[in-house]
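Q: Everything below, folded, please.
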Amino acid sequence: MMMKKLYICLLLMLPLLMRGQHWQAFTTQNSNLSGNSVMALAPDPRGGIWVGTNQGLCHYRNGQWTDYSSAYDKLRNQYVNCLKVDSRGVLWMGTDDYGVIEFDGSHWTDHPEEAKRLNMRFVQAIAIDVDNTK
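A: Got it, this is the predicted structure:
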C-alpha cells in the first residue's frame with residue numbers, strides 16, 4: 001500500500017519535474033544536418049554526438065552542427081546505417097554501398113578488400129569488443 005502511494009505521488013509530480021525541459025527538433029531546414037532521417041547515433045569521447053543519416057554523416061557538439069558528407073565523396077548522399085566509436089576515439093560507420101568506413105578525425109579509410117571478401121557492401125551493425133576488435 002505504501003509503495004502504491006509513493007508511485008502515485010511520483011506520477012503526480014512528473015509534470016512539475018519536466019516543466020523546465022526544452023526540446024528542439026533539428027531538420028535540414030533549421031540546422032546543418034545532412035538528412036532528415038536519422039539512422040544512427042554515437043557519442044564521442046569529447047562530448048559530441050555523431051549522427052548518421054540517409055544523406056551522410058554529421059557531428060553535433062556545443063550547439064554546432066558539422067556536416068562531414070561533403071568531406072569524403074563516398075558519404076555524399078549515402079545512408080550511414082550504424083556508428084561506433086572505438087577505444088582510441090576512431091569512428092567506424094556502416095554504409096549502404098561502401099561497407100565499413102573509418103574516420104580518425106583527419107583521415108578517412110574505407111575497406112574495399114574486406115567488403116569484397118566478406119560480401120558486405122551493405123552494413124547495418126558494427127560491434128567492437130574489449131580487445132578493440134571490430
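Q: And the residue nearest the centre of this structure?
A: Closest to where the C-alpha atoms of the chain average out (C-alpha atoms, centre = their mean) is residue 41, at 2.1 Å.
Q: which of the residues in stretch 107-117 are buried?
A: 110, 111, 115 (16 or more other C-beta atoms under 10 Å). C-beta here means a position set from N, CA and C on the backbone, and glycine is covered the same way.
Q: what's that stretch in contact with?
A: 71, 72, 74, 98, 99, 100, 101, 102, 103, 120, 121 (C-beta atoms under 8 Å, 6 or more residues apart in numbering).
Q: Am I right that the residue nearest to the centre of the chain sits in a helix?
A: No. Residue 41: not assigned to a helix; according to DSSP: H, G, I helix; E, B strand; the rest coil it is strand.
Q: thought it was touching residue 57?
A: No. When contacts are counted by C-beta atoms under 8 Å, residue 41 is not listed as touching residue 57 (11.4 Å).
Q: which neighbours do these two share?
A: 50, 51.
Q: would you list every one of the helices in the protein?
A: Under the criterion DSSP state H, the chain contains helices at 2-18, 112-118.
Q: Now the shortest one - C-alpha only, PDB.
A: In other words, helix 112-118. Only the C-alpha atoms of helix 112-118 are listed here, as PDB (Å, rounded to 0.1, in the frame of the first residue of the first chain):
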ATOM      1  CA  PRO A 112      37.000  -2.400 -50.100                       C
ATOM      2  CA  GLU A 113      39.100  -5.600 -49.800                       C
ATOM      3  CA  GLU A 114      37.200  -6.600 -46.700                       C
ATOM      4  CA  ALA A 115      33.900  -5.600 -48.200                       C
ATOM      5  CA  LYS A 116      34.600  -7.800 -51.200                       C
ATOM      6  CA  ARG A 117      36.000 -10.700 -49.300                       C
ATOM      7  CA  LEU A 118      33.000 -10.800 -46.900                       C
END
